[in-house]
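>>> Dropping a prediction and its sequence here:
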Amino acid sequence: MVRFVVYLTEMKILGIESSCDETAAAVVEDGTRLLANVVRSQIDIHKVYGGVVPEVAARSHIEVINPVIDEALAQAGLTWSDIDGIGVTYAPGLVGSLLVGTLAARTLAYIKQIPLYPVHHVEGHVYANFLTEQRSSSPSLLLPSKQPAFPLLALIVSGGHSQLVLFKNHGDYTLLGQTQDDAVGEAFDKVAKILGLPYPGGPSVAAAAEHGDAYAFSLPKAKMQGPYDFSFSGLKTAVLRATQQAVGEAYDFPSHLLPEKVDERLQRDMAASFQRVAVETLVEKTVQACEEYSPASVVIAGGVAANQELRRQLKEALPLPIEYAPMSLCTDNAAMIASLAYFHALSVEPTDPLDMEVVPSISMTKTAWAT
Ligand code: KG4
Ligand code: ZN
């Protein structure tokens, strides 16, 4: 394969992200310096439905994608001639949502003659941890003091993924294990629904858990064959059963009627008990992988990485120091996409904007784009 190696410094990449319900654009220099970060969330639009409605998400992306990109350039104080590359999420995600971001990126890359780099969203989450400097007018963020070293162990936990990945280098990684059913973020969201807590479930379960007794309910931890595999669907069902029992209803009582019967005490105690078991599961497997593979650094990535209890327990249990990306860079954003695209630009050829497709479901397996 022909290697396309770029030795630019101060390389400015525009990142574009639209895989789910956030429309985002950012500018990052040399994969590390945040120059602009704009995120338009659709949370308020989907709130009434209790979850993301794909068709509505795609339409909302169309309405704001151009203003969001313009705002990112303005925030960075740059014009198109300053942009050295465009990185865009091409997979995985909702197909209609992915199409809006990629079409914008492809069109801009073609018209402005800027190299285009499609990147994997879940891999992108890891790169929130590579943003260590900020030069933008947006609110100042508490960023990690240095980029994580390789080999790097990543716990990636979002609404769609729960996995442990070992990176030997950029683009050279092995999937150690992943969830066999629900992702942990999905479990947070479903538990919130059972308890009548608002959407999105992760932050509201975490907030309720702060005031609850984490040992009020005894919930099971799944035993898996693969040492680094996860399963959260049994835990979610156990929450449903324990809640039905606590309100004095039988197991066939419909879950959508439960919230009316759940009082604040039960909400808080169940949220805390669920969060404790979910977090302990993630921490135990991460520590075990750390002992087996002795990485030089460990990072957590994805929306659930915003969970304070996970951060606290992990810091306490890991045998090496860990730094965390700010919460706003853990949930979906385009800065992480721009950072990863920079490392693509260093070692792979750009993609033809006329010949780029979206892939709604492709997980991070034993892939190595950089070798
Ligand atoms: O990475 P992300 O923004 O989108 C996906 O790629 O899925 O992750 C969203 C997920 C949701 O399931 C949300 O409930 C969860 O991350 N989440 C949290 C917290 N903040 C967001 N889960 C637990 N605790 C939080 N503080
Ligand atoms: Zn995500």
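Sure thing, it's come through. Residues are numbered from 1 along each chain as shown. Ligands and ions are numbered 1, 2, ... in the order given.
>>> what ranges do the helices span in the stretch 1-150 of the chain?
Shown for the stretch 1-150 of the chain, the helices assigned by DSSP state H, counting those that start in this stretch span residues 43-47, 54-76, 95-112, 121-126.
>>> Would you point to the one among the ones you listed that's packed deepest?
Mean neighbour count (mean count of other Cβ atoms under 10 Å) peaks for helix 121-126 among those, with a mean of 26. Just so you know, the C-beta spots here come from the backbone N, C-alpha and C atoms, and that holds for glycine as well.
>>> Touching it from outside, list them.
In this structure, residues lying in contact with helix 121-126 by Cβ atoms under 8 Å, 6 or more residues apart in numbering are 17, 19, 89, 91-93, 152, 154, 156, 158, 160-161, 163, 165, 167, 173, 299, 301-302, 305, 330, 332, 336-337, 339-340, 363-364.
>>> Quick one: closest of the helices of the stretch 1-150 of the chain to ligand 1.
When the helices of the stretch 1-150 of the chain are ranked by distance to ligand 1, counting by Cβ to the nearest ligand atom, first place goes to helix 121-126 at 6.1 Å.
>>> Could you say which one of the helices of the stretch 1-150 of the chain comes nearest to A250?
helix 43-47 (30.8 Å; Cβ to Cβ).
>>> Dump the helices of the stretch 1-150 of the chain to JSON lines, plus mean pLDDT and distance to ligand 1.
Conversion of the helices of the stretch 1-150 of the chain to JSON lines gives the following (pLDDT from 0 to 100; distance: least, Cβ to the nearest ligand atom, whole Å):
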{"stretch": "helix 43-47", "mean pLDDT": "79", "distance to ligand 1": "10"}
{"stretch": "helix 54-76", "mean pLDDT": "93", "distance to ligand 1": "12"}
{"stretch": "helix 95-112", "mean pLDDT": "97", "distance to ligand 1": "11"}
{"stretch": "helix 121-126", "mean pLDDT": "96", "distance to ligand 1": "6"}
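>>> what about those helices, which gets the closest to L34?
helix 54-76 (9.2 Å).
>>> what inclination does the closest one have with respect to helix 95-112?
Direction vectors for helix 54-76 and helix 95-112, defined by axes from the mean of the first three to the mean of the last three Cα atoms, to 10 degrees, enclose an angle of 40 degrees.
>>> Against which helices or strands is helix 54-76 packed?
Helices and strands touching helix 54-76, by 3 or more Cβ pairs under 8 Å, 6 or more residues apart in numbering; DSSP states H and E, are strand 12-17, strand 22-29, strand 33-41, helix 43-47, helix 95-112.
>>> want to throw the ones you listed into JSON lines with distance to ligand 2?
Compiled in JSON lines, those are given as follows (distance: least, Cβ to the ion, whole Å):
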{"stretch": "strand 12-17", "distance to ligand 2": "8"}
{"stretch": "strand 22-29", "distance to ligand 2": "8"}
{"stretch": "strand 33-41", "distance to ligand 2": "12"}
{"stretch": "helix 43-47", "distance to ligand 2": "14"}
{"stretch": "helix 95-112", "distance to ligand 2": "11"}
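>>> Apart from its chain neighbours, what residue comes closest to the residue in the stretch 101-250 of the chain positioned nearest to ligand 1?
Among all residues of the stretch 101-250 of the chain, G202 sits closest to ligand 1, at 2.1 Å; criterion: Cβ to the nearest ligand atom. Beyond its immediate neighbours in the sequence, the residue positioned closest to G202 (Cβ to Cβ, 6 or more residues apart in numbering) is F188, lying 4.2 Å away.
>>> How about N129?
The spatial neighbour of N129 that comes closest, neighbours along the chain excluded (Cβ to Cβ, 6+ apart), is V299 at 4.2 Å.
>>> Can you tell me how far the one you found is from V64?
V299 sits at a distance of 30 Å from V64 (criterion: Cβ to Cβ, to the nearest Å).
>>> same deal with S140?
When S140 is compared with V64 (using Cβ to Cβ), they lie 25 Å apart.
>>> so the residue of the stretch 101-250 of the chain closest to ligand 1 sits in a helix?
Yes - following the definition DSSP: H, G, I helix; E, B strand; the rest coil, G202 is counted among the residues of a helix.
>>> residue contacts, it?
Under the criterion of Cβ under 8 Å, 6+ apart, the contact list for G202 reads 159, 185, 188-189, 192, 303-304, 306-307.
>>> before we move on, what about V119?
87-90, 337, 340-341, 344.
>>> In strands only, show me the residues you listed.
For the contacts of V119, membership in strands holds for 87-90, with DSSP state E as the criterion.
>>> what's the closest of the residues you listed to ligand 1?
T89 (9.7 Å).
>>> since we're on the closest one, how many residues are nearby?
Neighbours of T89 under the rule other Cβ atoms under 10 Å: 32.
>>> For the remainder of this discussion, apply numbering that starts at 39.
Noted, 39 is the first residue going forward, which turns the last one into T127.
>>> For the stretch 289-409 of the chain, which residues are neighbours of ligand 1?
The interface of the stretch 289-409 of the chain toward ligand 1, taken as Cβ under 6 Å from any ligand atom, is made up of 340-342, 344-345, 369-370.
>>> could the residues you listed be laid out in a markdown table, adding pLDDT?
Converted to a markdown table, these look like this (pLDDT from 0 to 100):
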| residue | pLDDT |
| --- | --- |
| G340 | 94 |
| G341 | 92 |
| V342 | 97 |
| A344 | 94 |
| N345 | 97 |
| T369 | 93 |
| D370 | 95 |
